[in-house]
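1. got a predicted structure plus its sequence, pasted below:
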Amino acid sequence: MDTNRAARASARFRIADLSRRQVLQGGAILGAGAALAACGASPSKSPASVASGKPKRGGRLTVGVASGGPTDTLDPGKCVSGMDFYRSGALFDCLAYFDPQFNLKPQLAESMEPNSNATKWTIRLRQGVTWHDGKPLTADDVIYTLNRNKTIQLIGTFATSVIDFTGLKKLDSRTLEIPLVTPQADFDQDMTYPLAIVQDGATDFTHPIGTGAFEFVSWTPGQTSLFKRYPDYYLSGQPYVDSLVFTSISDATARVNALLDGQVNAIDQISFAAARQYKNSTSFKVEQSPPGSFIPFTMACDTPPFNDVRVRQAMRLIADRPSLVETAVLGFGGVGNDLSGKGEVDYDTSLTQRVQDIDQAKSLLRAAGHENLSVVLNTSQLQVGMLEAGTAFAQQATAAGVKVTINNIPVANFYGPEYLKYPFGMTDWTASPVTAFMAGALAPGAPFNETHWHNTQFNSLYTQARATLSPSLRKELLFEAQKLLWDEGGYIIWGLVPYIDGIANAVHMPPATAAGDLGGGNLWSEFWID
């Protein structure tokens, strides 16, 4: 993320004359989401610079994926599971993406430029981009995507909530003008994932047409997806592999065995125990990202008993964070302080690190009338360390007289219809800027409001921060918003953990990143097989 948003808000960026390598310097990042994993991430170095030899063309990349189930979708506006995001990243593109330092970079956009007070933005599209059916990308496609997200409430709705649709218009085939109902100094950030651009008029995604590096061939929800190389991809020479397969293998041990047996040549979400076991093995490569993702507990702020802030505070005080890091993720990572964005610009480091305080937790529960509290924790083996963290927390809670019953939901169902309805649950998020997480999980219109957070004071602070062109004032407003979340919010962000993937020795991938598994979750055009 820029340290000078005011400068970026008044600046123009261009990439029409840059290669994929030049554009994608510096790593990959998810632009937000319950796992926000997908569109427009970037490697910190090109495969050619981090692997021996020049990238080679050909072959099939088969990826074993932890998630996937009967509710899988090919509609990029409805993604929930990691498998959904992987497919979206292969088939579709966004207007822009974040690099690992959270600098905003264009993707389908050639430029995104605000007027002097950030109430109107002009977007110019990259030339030479075509859809998989051969049609050129135009401003009509972007306008249709924006209207579609607004009309049918897709996961990109948060990005459209500030648009004045009455004034939205095409200036020419590659240029559109977007007026806003309120100043938005960083509106360009909202043009990243999950706002993947779909073709004008698209309603049926059973055979999706995208602009991505791969074309759709076939799929079976919850099982396997097959894509082939798009020969007219706008980034010359890519993708390197001829075909791409995603196959759902929910069991972590089964994924490792599939890699060892050669059934797949890349897997996500290796268990931390397996990471220790195979780290120095020659069987396959273990790729570990810096810590940054998190597997928090979620408390629905509008649902008993968590609608009482004292209960939420007590539950946070029950957590022994160092013990959770050691027990659940075998020491991979570090403690969290119930806020996202640790280490990023605008993260409030002045807030006291919360530590376990069983006596205070008991006092708060007693004052709230919830002594001997009994709750159900909805968790899963969806993310490595998730079930382990839930089990460890349940044991810690007994010291405060709280009984936590574990509901281990099958991986295929965890992000199904009941997701966002769990009174007490768990989830997983990638590393992201402070405002990106807020936009995805906490702000008005957030698509993944897992804690049912609806706070008027927070909404006002967030809206003011997004509108201001002053970095110092923005930081002040965001610090105040974070203090409110630290005091009253519904997340227990107990630790930050890395992503760990398994890669066959012959496969070369972008560097591991805190943005998500497998180089950020969408850089499939960058993988190659030796």
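-> Here it is on my side, so go on.

2. take the helix or strand residue 110 falls within, keep the C-alpha atoms, and write them as CSV.
-> For residue 110, the host element (DSSP states H and E) is strand 109-114. Below are the C-alpha coordinates for strand 109-114, written out as CSV (Å, rounded to 0.1, in the frame of the first residue of the first chain):
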residue,chain,number,x,y,z
ALA,A,109,-6.9,-1.0,-16.8
GLU,A,110,-4.3,1.1,-18.5
SER,A,111,-5.1,4.0,-16.2
MET,A,112,-7.5,5.0,-13.4
GLU,A,113,-7.5,8.7,-12.8
PRO,A,114,-9.6,10.8,-10.3
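
3. so what are the sheet partners of it and their directions?
-> When pairing is defined by DSSP bridges, strand 109-114 lines up against strand 120-125 (antiparallel).

4. contact partners of the strand it pairs with?
-> 95, 108-115, 137-139, 142, 171, 174-180, 184, 187-188, 191 (CB atoms under 8 Å, 6 or more residues apart in numbering). Where C-beta positions appear, they are placed from N, C-alpha and C, glycine not excepted.

5. what about 7 Å?
-> Residues outside strand 120-125 that contact it (CB atoms under 7 Å, 6 or more residues apart in numbering): 95, 108-114, 137, 139, 142, 174-180, 187.

6. one more: stretch 339-356?
-> Looking at what lies outside stretch 339-356 - CB under 7 Å, 6+ apart - the contacts are 1, 3, 102, 316-320, 336-338, 429, 432-434, 437, 475, 478-479, 482-483, 485-486, 493, 496.

7. can you point me to the longest helix in the protein?
-> helix 471-488 (DSSP state H).

8. and it, what's its mean pLDDT?
-> For helix 471-488, mean pLDDT is 96.

9. report all helices and strands that that helix contacts.
-> helix 5-9, helix 456-467 (3 or more CB pairs under 7 Å, 6 or more residues apart in numbering; DSSP states H and E).

10. helices of the stretch 51-200 of the chain, start to end?
-> 82-91, 139-152, 157-160 (DSSP state H, counting those that start in this stretch).

11. what do you get for the stretch 251-400 of the chain?
-> 252-260, 272-278, 309-318, 321-329, 358-367, 386-397.

12. buried residues, the second one. List them.
-> For helix 272-278, a neighbour-count test (16 or more other CB atoms under 10 Å) marks 272, 274-275, 278 as buried.

13. point out where this protein drops to low pLDDT.
-> 1-52, 99-102, 153-158 (pLDDT under 70).

14. the inter-axis angle of the strand holding residue 110 versus helix 139-152?
-> Following axes from the mean of the first three to the mean of the last three CA atoms, to 10 degrees, one obtains 60 degrees for the angle between strand 109-114 and helix 139-152.

15. just to revisit the earlier point, neighbouring contacts of the next helix or strand after the longest helix of the chain?
-> Counting by DSSP H and E, the next helix or strand C-terminal to helix 471-488 is strand 491-492. For strand 491-492, the external contacting residues (CB under 7 Å, 6+ apart) are 296-298, 315-316, 319, 338, 451.

16. can I get those in CSV with neighbour count and distance to residue 57?
-> CSV is the format used below for the contacts of strand 491-492 (neighbours: other CB atoms under 10 Å; distance: CB to CB, whole Å):
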residue, neighbour count, distance to residue 57
296, 24, 41
297, 28, 46
298, 28, 44
315, 26, 53
316, 25, 52
319, 26, 49
338, 23, 47
451, 28, 46
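
17. just those: which are in strands?
-> Here DSSP state E is the test, and the contacts of strand 491-492 give 297-298 as lying in strands.

18. now tabulate the contacts of strand 491-492 in a markdown table and tack on distance to residue 511.
-> As requested, the contacts of strand 491-492 are exported to a markdown table (distance: CB to CB, whole Å):
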| residue | distance to residue 511 |
| --- | --- |
| 296 | 26 |
| 297 | 30 |
| 298 | 30 |
| 315 | 37 |
| 316 | 34 |
| 319 | 32 |
| 338 | 29 |
| 451 | 32 |
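
19. next, give me the two most distant ones among the contacts of strand 491-492.
-> Greatest spatial distance in the contacts of strand 491-492: 319 and 451, 15.5 Å, computed using CB to CB.

20. chain neighbours aside, what residue packs nearest to residue 301?
-> Once flanking residues are discounted, residue 301 sits nearest to residue 490: 4.6 Å by CB to CB, 6 or more residues apart in numbering.

21. can I assume the one you found is in contact with residue 296?
-> No: Residue 490 sits out of contact with residue 296 when judged by CB atoms under 7 Å, with a separation of 9.4 Å.

22. so residue 79 sits against residue 85, correct?
-> Yes: look at residue 79 against residue 85 with CB under 7 Å: they come within range, at 5.2 Å.

23. okay, residue 341 and residue 413: tell me how far apart.
-> 30 Å (CB to CB, to the nearest Å).

24. burial check on the residue nearest to residue 303 when sequence neighbours are not counted, number of neighbours?
-> Among residues not flanking residue 303 along the chain, residue 423 sits closest, at 4.5 Å (CB to CB, 6+ apart). When neighbours are counted by other CB atoms under 10 Å, residue 423 registers 18.

25. same question, residue 167
-> Residues near residue 167, counting by other CB under 10 Å: 12.

26. residue contacts, it?
-> residue 179.

27. parallel or antiparallel, list what pairs with the helix or strand hosting residue 496.
-> Assigned by DSSP H and E, residue 496 belongs to strand 495-496. Sheet pairing for strand 495-496, assigned by DSSP bridges, gives strand 334-335 (antiparallel).

28. which residues touch the strand it pairs with?
-> 291, 321-322, 325, 494-496.

29. which of these are buried?
-> The buried subset of the contacts of strand 334-335 (16+ other CB under 10 Å) comprises 291, 321, 325, 494-496.

30. CSV for the helices and strands packed on helix 471-488, including mean neighbour count?
-> Output for these, formatted as CSV (neighbours: other CB atoms under 10 Å):
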stretch, mean neighbour count
helix 5-9, 19
helix 456-467, 18
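
31. just send those back as JSON lines, with distance to residue 124 too.
-> Output for those, formatted as JSON lines (distance: least, CB to CB, whole Å):
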{"stretch": "helix 5-9", "distance to residue 124": "17"}
{"stretch": "helix 456-467", "distance to residue 124": "23"}
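
32. re the thing from before, make CSV out of the helices of the stretch 251-400 of the chain and add distance to residue 163.
-> Listed next are the helices of the stretch 251-400 of the chain as CSV, based on distance: least, CB to CB, whole Å:
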stretch, distance to residue 163
helix 252-260, 41
helix 272-278, 43
helix 309-318, 34
helix 321-329, 40
helix 358-367, 42
helix 386-397, 36
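
33. pick the most deeply packed of those helices.
-> Ranked by mean neighbour count, the helices of the stretch 251-400 of the chain are led by helix 309-318 with a mean of 22 (mean count of other CB atoms under 10 Å).

34. tell me the angle that one makes with helix 358-367.
-> Using the same axes, to 10 degrees, helix 309-318 lies at 160 degrees relative to helix 358-367.
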